[in-house]
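1. Pasting a predicted model and its sequence here:
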Amino acid sequence: MTTSLAEAKQLKEIHGKSGKVFALTHNYTGYPMVKQARFMVRRGDLGKINKVVVEYPQGWLSGLLRDTGTAINMWRMNPTKAGASCCMGDIGTHAENLTRYITGLAIEELCADLTAFIKKNPLEDDGNVLIHYKGGARGVLYASQISSGEENGLRIRVYGTEQGLEWRQEDPNYLIIKNPSGFKTIYSKGNPCLCEDARKAGRLPFGHPDGFIEAFANLYREAFKAIRAEIAGKKIPAFDCPTIEDGIVGMAFIETVVESAKSKTKWTRMKS
């Protein structure tokens, strides 16, 4: 959202005085099956959440793109433009936000390891984070831009005392629920048995894939709903889109990860 947590807090003050709608494009929350995953976790289908494994591997920095001078590479590696982090700031925050959106878990403390495998890079291109969540759950978050051959492999697995779930961004129309007995149930986008939020987020009949652009559109639709109310002088309704608070948490996550990676004690309490 900004290049530092201090800037994010200043922006929050400005937003608070403005009375306007603030929407943040953590677009993966717009997928129908992500909303179904959130619904099932919040309903208690998985039981108490014990473990979360979320990964976001990309490989573009390990290939030719790092030497072409193209825009995808330049600003993300420039600390004056990108802030304190490249990989975690660019894609690690999406992994953190997706976890929090689905599970509602808040980070208590974390232990991070950041590496610039491409030596000329001034910021990291790979990161691994161990996480302690409030309430006792444990997590592993890995984000990378040098995982050769990977495209946009955002994937989350959530394990509870009763069941587990899995969702993959590159195959977004399916949500896998895993039973301890070894059975797997696959929920598909567009099915009438899904929760209301998942049904509303599906724009096409099942068997016709919704994708990345539709996920953005779902966020825009929710934001426009709130903006219309504000313009009409009405109370801004609750809307299913990341807000200034999600941006604050994202910036706190980045700065805590960077601090932990530089620290000798490693385990670092989440900033606020």
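-> Nice, I can see it. Numbers count the residues shown, from 1 in each chain.

2. Only C-alpha atoms from now on, for both contacts and neighbour counts.
-> Noted.

3. Is Thr3 in a helix, a strand, or coil?
-> coil (DSSP: H, G, I helix; E, B strand; the rest coil).

4. thinking it is in contact with Asn78, fair?
-> No: contact between Thr3 and Asn78 fails when scored by CA atoms under 8 Å: they sit 11.3 Å apart.

5. what residues are up against Lys9?
-> By CA atoms under 8 Å, 6 or more residues apart in numbering, the contact list for Lys9 reads Ile248.

6. three-state assignment of it?
-> Secondary structure for Lys9, judged by three-state DSSP, is helix.

7. What does Phe39 show for phi and psi?
-> Per-residue torsions, Phe39: phi -60, psi -50 (degrees, to the nearest 10).

8. swap that for Cys111, please
-> According to degrees, to the nearest 10, Cys111 has phi -130, psi 120.

9. That one bridge partners, please.
-> Leu130 (DSSP bridges).

10. same thing with Tyr159?
-> Beta-bridge partners of Tyr159, as defined by DSSP bridges: Lys51, Gly164.

11. contacting residues around it?
-> Contacts of Tyr159 by CA under 8 Å, 6+ apart are 46, 49-52, 165.

12. Report the residue spans of the stretch 51-200 of the chain with pLDDT below the cut-off.
-> Applying pLDDT under 70 to the stretch 51-200 of the chain flags residues 63-74.

13. Show me where it has its strands.
-> Per DSSP state E, counting those that start in this stretch, the stretch 51-200 of the chain carries strands over the ranges 107-115, 126-133, 138-144, 155-160, 164-168, 174-178, 184-188.

14. what would the ones you listed look like in JSON lines with distance to Pro209?
-> Below are the strands of the stretch 51-200 of the chain laid out as JSON lines (distance: least, CA to CA, whole Å):
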{"stretch": "strand 107-115", "distance to Pro209": "33"}
{"stretch": "strand 126-133", "distance to Pro209": "31"}
{"stretch": "strand 138-144", "distance to Pro209": "26"}
{"stretch": "strand 155-160", "distance to Pro209": "18"}
{"stretch": "strand 164-168", "distance to Pro209": "14"}
{"stretch": "strand 174-178", "distance to Pro209": "10"}
{"stretch": "strand 184-188", "distance to Pro209": "10"}
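
15. Those strands: which one's closest to Glu255?
-> For those, proximity to Glu255 was assessed by CA to CA; strand 107-115 is nearest, at 10.9 Å.

16. I'd like to know which of the strands of the stretch 51-200 of the chain is closest to Gln58.
-> Gln58 lies closest to strand 138-144 among these, at 5.7 Å (CA to CA).

17. So what touches the closest one?
-> By CA under 8 Å, 6+ apart, the residues outside strand 138-144 that reach it are 50-59, 87-88, 91-92, 95-96, 125-133.

18. CA atoms only: put it into PDB for me.
-> Taking Å, rounded to 0.1, in the frame of the first residue of the first chain, the C-alpha atoms of strand 138-144 are listed here in PDB:
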ATOM      1  CA  ARG A 138       1.500 -22.400  13.300                       C
ATOM      2  CA  GLY A 139       2.300 -21.400   9.700                       C
ATOM      3  CA  VAL A 140       4.900 -21.600   7.000                       C
ATOM      4  CA  LEU A 141       5.000 -18.900   4.300                       C
ATOM      5  CA  TYR A 142       7.400 -19.100   1.300                       C
ATOM      6  CA  ALA A 143       7.600 -16.600  -1.500                       C
ATOM      7  CA  SER A 144      10.200 -16.600  -4.300                       C
END
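
19. In its sheet, which strands sit next to that strand, and in what direction?
-> strand 49-57 (parallel), strand 126-133 (antiparallel).

20. Kindly calculate the angle that it makes with strand 107-115.
-> Orientation of strand 138-144 against strand 107-115 (axes from the mean of the first three to the mean of the last three CA atoms, to 10 degrees) gives an angle of 30 degrees.
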